[in-house]
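Undergrad: The sequence and its predicted three-dimensional model are supplied below.
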Amino acid sequence: MDQQLPPFAPESEPKVPTSSPQPPQMEKAEDTANSEQSAPVSSISRFVFWLQQYRRLLIILVGGMLILGAIAGLIFMKSKSDTDESSLQNALPQNLNQVRPIESPSGQSTPSSSVPVADSDGDGLIDAEEISLKTDAKKVDSDGDGLTDRQEVQIYQTNPLNVDTDEDGFTDGEEVRNFYNPNGSGKLLDVIDAIEQYNNEK
């Protein structure tokens, strides 16, 4: 069972391969490395391709969502302002010109009239007071002296039906404008006398 070897015959110089053959295991490792590097590139390129294909659809979807959000916000703001306005209306008294009953200490209210309080001329005296004073409920200054009926009755205690209450020749309005007492002699307030009186009281 001896095998004979073929005779040795020298040929020309042996050829040196330009690239060394690689074992099969190394080729597999390079293929997997190349595929791993190309996988992210291919998934990115697929995503970019998908974005390019569906760009209009994405713009429409995002725009639609923004418009729906704006509409929902407007509806919410409108409903909130409506509820605020209605709660404000409910908080205000319904009839501002009606006299409300005064609560007695026992918790029962005193009877009140449902007659509205009116001040036709807006001078500060209600019409009922003007009727009792016999002044004109439709004129702010019944006697035309330059003071309103309310000023004459409640501030200076002058006669609202007499132009010159103290009959000194000056109208009540002229006397007040010049700091004189319309209801008698002297000034409305003598500053020097007031200071002296204040100092004397100390």
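TA: Received it, and whenever you're ready, just let me know what you need. Numbers count the residues shown, from 1 in each chain.

Undergrad: can you list the domain ranges for the chain.
TA: As assigned by automatic domain parsing, the chain contains the domains 25-87, 127-201.

Undergrad: Tell me how many other residues surround L188.
TA: L188 has 13 neighbours, counted by other C-beta atoms under 10 Å. Bear in mind the C-beta positions are built from the backbone N, C-alpha and C, glycine included.

Undergrad: So it sits against N178, correct?
TA: No: contact criterion C-beta atoms under 8 Å: L188 and N178 do not qualify, at 9.0 Å.

Undergrad: Give the residues shared as contacts by the two.
TA: Counting by C-beta atoms under 8 Å, 6 or more residues apart in numbering, no residue touches both L188 and N178.

Undergrad: Make a markdown table out of the domains of the chain and add distance to D119.
TA: What follows is those, written out as a markdown table (distance: least, C-beta to C-beta, whole Å):
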| stretch | distance to D119 |
| --- | --- |
| domain 25-87 | 30 |
| domain 127-201 | 6 |
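
Undergrad: what's the most buried one of those domains?
TA: Ranked by mean neighbour count, the domains of the chain are led by domain 127-201 with a mean of 16 (mean count of other C-beta atoms under 10 Å).

Undergrad: tell me which helix or strand of the chain sits lowest on mean pLDDT?
TA: helix 24-53 (a mean of 64; mean pLDDT, DSSP states H and E).

Undergrad: after that helix, next one along is what?
TA: Sequence-wise, the next helix or strand downstream of helix 24-53 (DSSP states H and E) is helix 55-91.

Undergrad: any idea of the pLDDT on the residue lying closest to N181 once chain neighbours are set aside?
TA: Among residues not flanking N181 along the chain, L188 sits closest, at 5.4 Å (C-beta to C-beta, 6 or more residues apart in numbering). At L188, the pLDDT value in this model is 77.

Undergrad: where does this structure have low pLDDT?
TA: The model of the chain has pLDDT under 70 over residues 1-41, 82-116, 190-191.

Undergrad: let's go with 80 and repeat that
TA: For the chain, the stretches with pLDDT under 80 are 1-42, 50-51, 79-117, 188-195, 198, 202.

Undergrad: for the domains of the chain, which one sits closest to S120?
TA: Closest approach to S120 among the domains of the chain (C-beta to C-beta): domain 127-201, 5.0 Å.

Undergrad: Report the separation between the two terminal residues of that closest one.
TA: One end of domain 127-201 sits 43 Å from the other (C-alpha to C-alpha, to the nearest Å).

Undergrad: What of stretch 156-172?
TA: End residues of stretch 156-172 are separated by 9 Å (C-alpha to C-alpha).

Undergrad: Over to stretch 167-180?
TA: From its first residue to its last, stretch 167-180 covers 13 Å (C-alpha to C-alpha).

Undergrad: Also stretch 143-155?
TA: Note: stretch 143-155 ends 16 Å apart using C-alpha to C-alpha.

Undergrad: Which residues outside it are in contact with it?
TA: By C-beta under 8 Å, 6+ apart, the list of residues contacting stretch 143-155 reads 121, 123-125, 129-130, 133, 135, 139-142, 156, 158-165, 171-174, 176-177, 182.
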